[in-house]
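Peer 1: What follows is a predicted protein model with its sequence.
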Amino acid sequence: MHPVVRRVLHGGGFWPAFPAVAFLVVFLVLPMLTLLAFGFVTIERGRIVGDTFTLQHLHSALGDQLIWRLAWRSFYVAVISTVLALVLAYPVAYLFSQTGGIWRTLILIAVISPLLTSALVRTYAWLVILGGRRGLLNQTLLQLGLIDQPLRLLNTDWAVIIGMTQIHLPFMILPLLAVLSGRDRRLEEAARNLGAGRVRTFFTVVVPMSVPAIFAGLALVFAVSYTNFIVPQLLGGGSYSTLAVQVYEQTVVVLDWTRGAVLATILLTSCFVFVYLIVAGGSRLSRWSEIRT
Amino acid sequence: MTHIHLEAIEKSYGQTKVLNDCSLEVARGEVMTLLGPSGCGKTTLLRTLAGFVRQDHGRVVVGGVEISHLDPNRRSVGYVFQNYALFPHLSVADNVAYGLKVRRRPAGEIRERVAKALQLVALDGLGARYPAQLSGGQQQRVAIARVLVLEPEVLLLDEPFNALDAKLRLTMQIELRKLIDRVGITSIFVTHDQSEAMMLSDKVAVMRAGRIEQVAAPLEIYDRPVNDYVASFIGRANVLSVEVRDGVVASAPEVVTNRADGPARLIVRPENLAIAGADACWSGRILFASAQGPSIEYEVEAGLPEPLRLVVPRQAGEAALPAGSAVGVRIVDPGACIVIGGGSGV
């Protein structure tokens, strides 16, 4: 037996995890591989034609201008939304780490409770807020006299970005919250003692120490934003599409499973690449944390 | 000349008074130790001086200038933390350079001063390492270099030897004292270890429950403790309830005192007691005996609330008297005994 395999099997950690691993393999990995495989075979009348492995579908998808445009939109919407989530999440996590008692509990409830409602419901809520002339937001702004004309928000990139940011915010806050509240405050006192003001201490001590959590949050939020198809579909409107929306439409609406599978392959692979880059960037910036004597 | 002056510092957290009327003067170039059990407020007092804790009342004066209400970054007070608090994400050199960068010194000057500071603590050549790659003793020296490079007026050290193992601790204590003498910086240590306090400092301030009980040179504290608390905290002491009659202690007439008649407490160091024959003040039975090379320790049950503790010099070849032996105990030097007021001794 290969030493690595032996260590996994007999290292003590494998068997307790076995039920979960088996569950994921049977109900996630295998179905997914099957689905992805549809993109590389020929299907005729609902049956796979044997021995017809082909890269032709992938090839034609990659040659399609529309697919590239959709992929680009998926990418920049996810990037903007992820960065926005970080900017919004950091102060909340920092506030949590600086307060105590009842405030801590309230912040935690506020952060976690959105996760208890379905993302679909929250997306519909944004539909009500952002929607057209009668939307809550436009009504309020018009009433306050801040705008003369209703803003056109729904069915734009911004509607999608706003919706996604709010829905994915907890995934950014939670890792930051854990790291920031567990940090060593004496490092900040040391910085103050060496002459640094509050702001400088924050950016030279607090932020660098939280780099691992920042990048964990970035990777997580990017992955779920990049592959989200519900928010763009509902808040982007009928003619709005992204790569993830296309996967859904080709598979469920058009019933072109081959196309759907090929697009899913592209979506998944590119997502892995981006997440890998984020994680690699993070560990490059926090290399100090892995140093041991 | 007074360099640091803490004036009637008070600090409460809710109902708990952690510092109660703490006043302290430290002369220029002097090494002072705040000594006391954990929770006595010694670290809080040090943190008040650094500005991490803001006192409710009282003044902090350094070099004739009141700094009571300055933020920590505006005080010229170097602070070495108990666990050193080195920045783990910065190299040793960058840790030491941190304060100079904050002060926007030119790059060339920073390089030069960092190199000098690392040389001062004998860490030259380790500038590129990260704190996690250093031993505890080396980390401590980085922490000291990091504050000394800024040439602060005052050096504060919070239990700096706690994280070191016993053997290294002694070496580092000696090294640190030599370094402080070389730099000539006014320093305040915090410790709960009395031998560390004796070894390091010119003066010791003994604290209890938020109050400073006595400030004096280490030997003076040992020889002339102001009360039984100080006596038992510095070294060991037998504290006995006695009766003063006609200017002498009734149970030990050779101890002369100018105290008024009445109940009092007699403080006798273990090494000031000896095994005696006819001229004994107390007689009893040996409970416990242990020969330890240069000396023998005895515990003698003499009808007092607590057994008497003796440390007797040992001659070559001499064995301890067996437990259970009936012995007398006498005072070696009556002049070295201390009689203090109050009857409720141990």
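Peer 2: Cool, got the structure.
Peer 1: drop to CA atoms for contacts and neighbour counts, all remaining ones
Peer 2: OK.
Peer 1: Can you report how many residues lie near the nearest residue to residue B:172 once chain neighbours are set aside?
Peer 2: The shortest distance from residue B:172 to any non-neighbouring residue, by C-alpha to C-alpha, 6 or more residues apart in numbering or on different chains, is to residue B:137 (7.3 Å). Taking other C-alpha atoms under 10 Å in any protein chain shown as the criterion, the count of residues near residue B:137 is 18.
Peer 1: I'd like the average pLDDT over stretch B:160-169.
Peer 2: The pLDDT scores in stretch B:160-169 average 86.
Peer 1: first vs last residue of it, how far apart are they?
Peer 2: Start and end residues of stretch B:160-169 are separated by 9 Å (C-alpha to C-alpha, to the nearest Å).
Peer 1: Return the distance of stretch B:209-223 from the chain's centre.
Peer 2: For stretch B:209-223, the gap between its own C-alpha mean and the chain's C-alpha mean amounts to 9 Å (C-alpha atoms, centre = their mean, to the nearest Å).
Peer 1: May I have the residues that are in contact with residue B:158?
Peer 2: Counting by C-alpha atoms under 8 Å, 6 or more residues apart in numbering or on different chains, residue B:158 makes contact with B:43, B:46, B:79, B:80, B:81, B:82, B:189, B:190, B:191.
Peer 1: tell me the phi and psi of it?
Peer 2: Main-chain torsions, residue B:158, degrees, to the nearest 10: phi -100, psi 110.
Peer 1: now it, which residues is it bridged with?
Peer 2: Judged by DSSP bridges, the bridge partners of residue B:158 are residue B:190.
Peer 1: any idea how far chain A is from it?
Peer 2: According to C-alpha to the nearest C-alpha, to the nearest Å, residue B:158 and chain A sit 12 Å apart.
Peer 1: how about whatever residue of the stretch 151-293 of chain A ends up closest to chain B, secondary structure?
Peer 2: The nearest approach of the stretch 151-293 of chain A to chain B comes at residue A:195, 4.0 Å away (C-alpha to the nearest C-alpha). For residue A:195, the secondary structure call by DSSP: H, G, I helix; E, B strand; the rest coil comes out as coil.
Peer 1: Likewise for residue A:48?
Peer 2: Per three-state DSSP, residue A:48 ends up strand.
Peer 1: what sits against it?
Peer 2: The contact partners of residue A:48, taken as C-alpha under 8 Å, 6+ apart, are A:41, A:42.
Peer 1: How about the secondary structure of the residue in the stretch 1-150 of chain B positioned nearest to chain A?
Peer 2: Minimum separation of the stretch 1-150 of chain B from chain A (C-alpha to the nearest C-alpha) falls at residue B:73, amounting to 4.0 Å. The three-state assignment at residue B:73 reads helix, by three-state DSSP.
Peer 1: Now do the contacts for it.
Peer 2: When contacts are counted by C-alpha under 8 Å, 6+ apart, residue B:73 is found next to A:192, A:193, A:194, A:195, A:196, A:197.
Peer 1: Apart from its chain neighbours, what residue comes closest to it?
Peer 2: In space, residue B:73 comes closest to residue A:195 once its chain neighbours are excluded; the distance is 4.0 Å by C-alpha to C-alpha, 6+ apart.
Peer 1: Please verify my assumption that the one you found contacts residue B:77.
Peer 2: No: counting by C-alpha atoms under 8 Å, residue B:77 is not a contact partner of residue A:195; they are 9.7 Å apart.
Peer 1: Write out the residues of the stretch 151-293 of chain A neighbouring chain B.
Peer 2: Those residues of the stretch 151-293 of chain A that sit near chain B, judged by C-alpha under 8 Å from any C-alpha of the partner chain, are A:186-187, A:189-197, A:205, A:208-209, A:286, A:288-289, A:291-293.
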